[in-house]
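>>> build me a structure from this.
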Amino acid sequence: MTSTNSQFATDEVGSDIDYEKAQRGVRLLLEAVGEDLDSDALAETWQRRVPDTFATLTEGQREVAKPTMRIFDAETTDLIVETGIPAYSLCEHHLLPFLGTVHITFRPTDEVVGLSKLTRYVRWQSHQLTMQEQLTNDIPSRLKEELDAATVFVEVNARHPCETMHGVETESTTTTRATAGEPTAAERERFQAAVKGTEGQP
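Below is the predicted model:
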């Protein structure tokens, strides 16, 4: 069995997984379904491609991979809304991806963060074995703490290939929402208007 030079391999953001175990696991799975591990087509699959994929898609489970949140002094306490953030995660039940869009709004207290950092944060947070409901709760609760925000609320719209490929075999979109803090009714309406304005956009 070919292995990497080190038991651990490190990706570009400094998060590491046990590559030797990952390689053994992929080999066992391929053997279990009757694949020929001596096939040239599968060599890179178990040696590199699948371990690399899981290293990336589980970054959210490792604090070392969390993006640096550059903070600025807030000049306003008005709502900050960011919509249409792409998110890709792994269903912890089937190890299949679920993917969709995250919409975030927060009301700052003394500090704000660059909008590009919100996108990076969502990417990091979503890269883990989880369920959509849990991810939807994790993002606002952790962002509120990270930014010391007065309130954060989030909507996640996602498609689940595990349903399409393995279960009922029909494609649908699941919507979940969560808040951290106490947004006002007016703030909720403003957020929903912003989200609605993204519908139908590419």
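>>> what's the neighbour count on the spatially closest residue to residue 88 that is not a sequence neighbour?
The shortest distance from residue 88 to any non-neighbouring residue, by CB to CB, 6 or more residues apart in numbering, is to residue 99 (4.8 Å). Any C-beta I mention is one placed from the backbone N, CA and C, and that applies to glycine too. Per other CB atoms under 10 Å, the neighbour tally for residue 99 reads 13.
>>> next, find the distance separating the residue sitting nearest the centre point of the chain from residue 197.
Centroid-nearest residue in the chain: residue 126, 1.4 Å away (criterion: CA atoms, centre = their mean). Counting by CB to CB, to the nearest Å, the separation of residue 126 from residue 197 is 23 Å.
>>> quick one: the strands in the protein?
Secondary structure of the chain (DSSP state E): strands at 8-10, 16-18, 71-73, 80-91, 97-107, 111-113, 129-130, 151-159, 173-180.
>>> dump the ones you listed to JSON lines, plus distance to residue 63 and mean pLDDT.
Shown next, in JSON lines, are these (distance: least, CB to CB, whole Å; pLDDT from 0 to 100):
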{"stretch": "strand 8-10", "distance to residue 63": "15", "mean pLDDT": "42"}
{"stretch": "strand 16-18", "distance to residue 63": "12", "mean pLDDT": "85"}
{"stretch": "strand 71-73", "distance to residue 63": "18", "mean pLDDT": "74"}
{"stretch": "strand 80-91", "distance to residue 63": "17", "mean pLDDT": "92"}
{"stretch": "strand 97-107", "distance to residue 63": "20", "mean pLDDT": "92"}
{"stretch": "strand 111-113", "distance to residue 63": "17", "mean pLDDT": "77"}
{"stretch": "strand 129-130", "distance to residue 63": "16", "mean pLDDT": "96"}
{"stretch": "strand 151-159", "distance to residue 63": "20", "mean pLDDT": "94"}
{"stretch": "strand 173-180", "distance to residue 63": "19", "mean pLDDT": "94"}
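>>> among those, which comes closest to residue 137?
Closest to residue 137 of these, according to CB to CB: strand 173-180, at 4.7 Å.
>>> what residue ranges in the chain score low on pLDDT?
The chain contains residues with pLDDT under 70 at 1-15, 74, 76, 166-169, 199-202.
>>> just checking, what packs against the longest helix anywhere in it?
Counting residues, the longest helix in the chain under DSSP state H turns out to be helix 132-147. With contacts defined as 3 or more CB pairs under 8 Å, 6 or more residues apart in numbering; DSSP states H and E, helix 132-147 has these neighbours: strand 80-91, strand 97-107, strand 111-113, helix 115-126, strand 151-159, strand 173-180.
>>> tell me which residues in it are buried?
Going by neighbour count (16 or more other CB atoms under 10 Å), the buried part of helix 132-147 is 132, 135, 136, 137, 138, 139, 140, 141, 143, 144, 146, 147.
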